[in-house]
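# Have a look at this fold, sequence not included:
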């Protein structure tokens, strides 16, 4: 905080008195999502919640209605497979610029969001697809067991199992096992950093880089961004309370270091990190703290908060310009870690 701010009584840690407004295109996505008629997630059963319209559905509608000349595949090919999880097979999807290519490309193991309860590989298609294109890499997007059918730590166990599978099988899906990274959005961001921690603690090959997109990494539901965005869309405080209720046997489990990463986890000796956050998001404050604590623990960190954008924006690159910028930011940092970035002379 500057001296002027102190004199005027400003407090950087105080929540805004009025919520930030979304950018015009972000507002269009939110309006389109509202028009699809979904009911509030926090009022539904998990089974009902999984059937509700998603931000991805809103993006697809905008593409159908207004964007006629954009290739929704981005030139990226996909193939669905199953891999070994901690307690059985897991659904996974390979994204590649060329599934039939013979040259091994860097590999990124990706975990989707959804509060550990909802969403799937289809809902979170835009992020891994865009990163595969911009990073010129193979992305392995992995599903995992979800709550309440499989409560904490089932998803975390599956994520570590998926990492081990990727290390052992990278070449079979066109990936280079010497150049492998981890990535996730929201709850998937939590899984991604826990893979890095598990690799360190279990003596596994470590990711060369980790990309954490608005990760769920704390258990303080009354911090600055929760207060500012208590009623935000598409993610708000009531929804996260609903996720907590269905994911954990008790609220006390949220103090586990795998959940309260910023408050309880050892962050030393982790890979270089990219942390991407959205301004209009309850998870922003804990993401900012994560970036600070990763750096304080001696890790290389690149952090960017996108103002005017909400949770879930990252995968909307076909209709939201800053989402494509965020994907390119992540991809550039991944390429730097892989040694494939073209640097200026």
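Sure, I can see it. What you see is a predicted model; the values in this text were computed from it and never measured. Numbers count the residues shown, from 1 in each chain.
# isn't residue 94 right up against residue 137?
No - counting by C-beta atoms under 8 Å, residue 94 does not reach residue 137; the two are 11.2 Å apart. For every residue, glycine as well, the C-beta is placed using N, CA and C.
# Between these two, tell me which one has more neighbours.
Shown here are residue 94 and residue 137; by other C-beta atoms under 10 Å, residue 137 has more neighbours (27 against 22).
# Chain neighbours aside, what residue packs nearest to that one?
Closest residue to residue 137 apart from its sequence neighbours, by C-beta to C-beta, 6 or more residues apart in numbering: residue 106 at 4.3 Å.
# Quick test: name the residue nearest the centre of this structure.
Nearest to the geometric centre of the chain sits residue 185, at 0.7 Å (C-alpha atoms, centre = their mean).
# Low-confidence regions, the stretch 1-150 of the chain specifically.
Residues of the stretch 1-150 of the chain meeting the criterion pLDDT under 70: 1-17, 68.
# residue boundaries of the helices in it?
Assignment of helices within the stretch 1-150 of the chain using DSSP state H, counting those that start in this stretch yields the ranges 3-8, 24-35, 46-49, 55-66, 126-135.
# right, and these - which one's nearest residue 84?
If you check each of those against residue 84 by C-beta to C-beta, helix 126-135 wins as the nearest, at 19.8 Å.
# who's in contact with that closest one?
Residues outside helix 126-135 that contact it (C-beta atoms under 8 Å, 6 or more residues apart in numbering) are 56, 59, 73-76, 78, 93, 95-97, 106, 108, 110, 112, 137-139, 141, 183, 185, 211, 213, 314-318, 323-324, 327-328, 330-332, 334-335, 338, 340.
# One more pass at 7 Å, please.
Applying C-beta atoms under 7 Å, 6 or more residues apart in numbering, the external contacts of helix 126-135 come out as 56, 74-76, 95-97, 106, 108, 110, 138-139, 141, 183, 185, 213, 314-317, 324, 327-328, 330-331, 334-335.
# Just the ones in strands from those residues, please.
Mapping the contacts of helix 126-135 onto strands (DSSP state E) picks out 95, 96, 106, 108, 110, 138, 139, 141, 183, 185, 213.
# got TSV for those, with distance to residue 239 too?
Formatted as TSV, the ones in strands among the contacts of helix 126-135 follow (distance: C-beta to C-beta, whole Å):
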residue	distance to residue 239
95	28
96	33
106	34
108	27
110	22
138	32
139	27
141	23
183	23
185	15
213	18
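# remind me which residues of the stretch 151-300 of the chain are low pLDDT?
If you take pLDDT under 70 as the line, the stretch 151-300 of the chain has no such spans.
# quick one, helices of it?
154-169, 187-202, 224-228, 237-247, 261-264, 284-296.
# nearest to residue 271, of these?
Using C-beta to C-beta, the helices of the stretch 151-300 of the chain put helix 187-202 closest to residue 271, at 5.6 Å.
# quick one: buried residues of the closest one?
187-200 (16 or more other C-beta atoms under 10 Å).
# which one among those gets closest to residue 39?
Checking the buried residues of helix 187-202 against residue 39 by C-beta to C-beta gives residue 187 as the nearest, at 21.0 Å.
# ok, the closest one - contacts?
So residue 187 contacts 113, 114, 115, 116, 216 (C-beta under 7 Å, 6+ apart).
# before we move on, back to that, now distance to residue 220 too, for the buried residues of helix 187-202, in TSV please.
Formatted as TSV, the buried residues of helix 187-202 follow (distance: C-beta to C-beta, whole Å):
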residue	distance to residue 220
187	16
188	20
189	17
190	14
191	20
192	21
193	17
194	18
195	23
196	22
197	20
198	24
199	27
200	25
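# so what's residue 265 up against?
Contacts of residue 265 (C-beta under 7 Å, 6+ apart): 197, 257.
# same check, this time on the one 10 residues further on
Residue 275 makes contact with 212, 287, 290, 291, 301, 303, according to C-beta under 7 Å, 6+ apart.
# redo that, cut-off 8 Å
212, 215, 287, 290, 291, 294, 301, 302, 303, 304.
# right, and the first one touches residue 189 too?
Yes - applying C-beta under 8 Å as the test, residue 212 and residue 189 come out as touching, 4.3 Å apart.
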